[in-house]
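A.B. asks: Need a 3D model of the sequence below.
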Amino acid sequence: MQHRPIVSSAIALLTTIGMLASTGAQAGMYRYEDENGRMVISNTIPQEATKRGYDILGNNGRVVETVPPAPTAEEIAAREAEKERKRQAELQRQKDEKLLERYSHPDQAVRAMHRKIREMEGMIQLKRGNISVISSQLNNEQSRAADMERAGREVPEASLEKIRRLEAQIDDVEQEIQNQRRQIEDMKDEFKADITRLETITGEERTLPLEPPENDSQ
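C.D. replies: Below you'll find the model as predicted:
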């Protein structure tokens, strides 16, 4: 019974020694180059030295971990450029996938463009027809106004207002036609880009002309 306190004290001492040894092992040492290129081993490392990279050493002096140098501005820029290149490549892959879902051959895109052109040209023809109708009304109003002036009568303000309104309507429709013409050109540019891309990713060239033939019924 008298030996128990001695045994307990011995166990506590061994535990303390083990903890201290463990703490020392965790602390480790650092090996790095200083600003003069000399190799230094220390239990601390300057902030500037971390940028050049360093080794973490264990208690036995062996390297347990190597921390690489911080990337240079050029390396960072190159990594960002590569990241952007991959992002753009993925976007292009997705676009190509969607394009191939719509068309399996460049000629299919050409035919779709022809149909769209004919559709938009048809709308322009309808607007031209509207201009013809409005122009006829305008001519009638202008003729009546001229007859009144020749007869020495004053042209009513209502007639003058109608003439101005009809002229404005013609201008508006003409502007719509110009806008539609621009839309056709923009649409053709988009289709041409798709057709060129389809030729690239399918390895097939278009066999149809880009401009739709007259009286084309495809």
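A.B. asks: Please enumerate the strands of the protein.
C.D. replies: Per DSSP state E, the chain carries strands over the ranges 29-33, 39-42, 54-57, 63-67.
A.B. asks: Now do the last one against strand 29-33, angle only.
C.D. replies: Counting by axes from the mean of the first three to the mean of the last three CA atoms, to 10 degrees, strand 63-67 points 50 degrees away from the direction of strand 29-33.
A.B. asks: Mind giving me the packing neighbours of strand 63-67?
C.D. replies: If you count contacts as 3 or more CB pairs under 8 Å, 6 or more residues apart in numbering; DSSP states H and E, strand 63-67 packs onto strand 54-57. C-beta coordinates here come from the backbone N, C-alpha and C atoms, glycine included.
A.B. asks: Pull out the buried positions in the strand it packs on.
C.D. replies: By neighbour count on 16 or more other CB atoms under 10 Å, the buried set for strand 54-57 is 54-55, 57.
A.B. asks: Redo those as CSV? Include distance to residue 34 and pLDDT.
C.D. replies: Listed next are the buried residues of strand 54-57 as CSV, based on distance: CB to CB, whole Å; pLDDT from 0 to 100:
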residue, distance to residue 34, pLDDT
54, 11, 93
55, 14, 92
57, 16, 93
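A.B. asks: now, which of those sits nearest residue 73?
C.D. replies: residue 54 (20.6 Å; CB to CB).
A.B. asks: Beta-bridge partners for that closest one, please?
C.D. replies: Taking DSSP bridges as the rule, residue 54 bridges to residue 32, residue 67.
A.B. asks: Tell me how far it lies from residue 160.
C.D. replies: For residue 54, the distance to residue 160 equals 91 Å [CB to CB, to the nearest Å].
A.B. asks: quick revisit: tell me which of the strands of the chain lies nearest to residue 183.
C.D. replies: Of the strands of the chain, nearest to residue 183 by CB to CB is strand 63-67, at 59.4 Å.
A.B. asks: what does that closest one contact?
C.D. replies: By CB atoms under 8 Å, 6 or more residues apart in numbering, the residues outside strand 63-67 that reach it are 28, 31, 50, 53-58.
A.B. asks: Closest one of those to residue 84?
C.D. replies: Each of those was checked against residue 84 using CB to CB; the closest is residue 53, at 26.8 Å.
A.B. asks: Would you state the predicted confidence (pLDDT) at that closest one?
C.D. replies: We have a pLDDT of 91 for residue 53.
A.B. asks: picking that back up, could the buried residues of strand 54-57 be laid out in TSV, adding distance to residue 189?
C.D. replies: Listed next are those as TSV, based on distance: CB to CB, whole Å:
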residue	distance to residue 189
54	57
55	59
57	65
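A.B. asks: Now residue 166: closest residue in space that isn't a chain neighbour?
C.D. replies: Once flanking residues are discounted, residue 166 sits nearest to residue 138: 4.2 Å by CB to CB, 6 or more residues apart in numbering.
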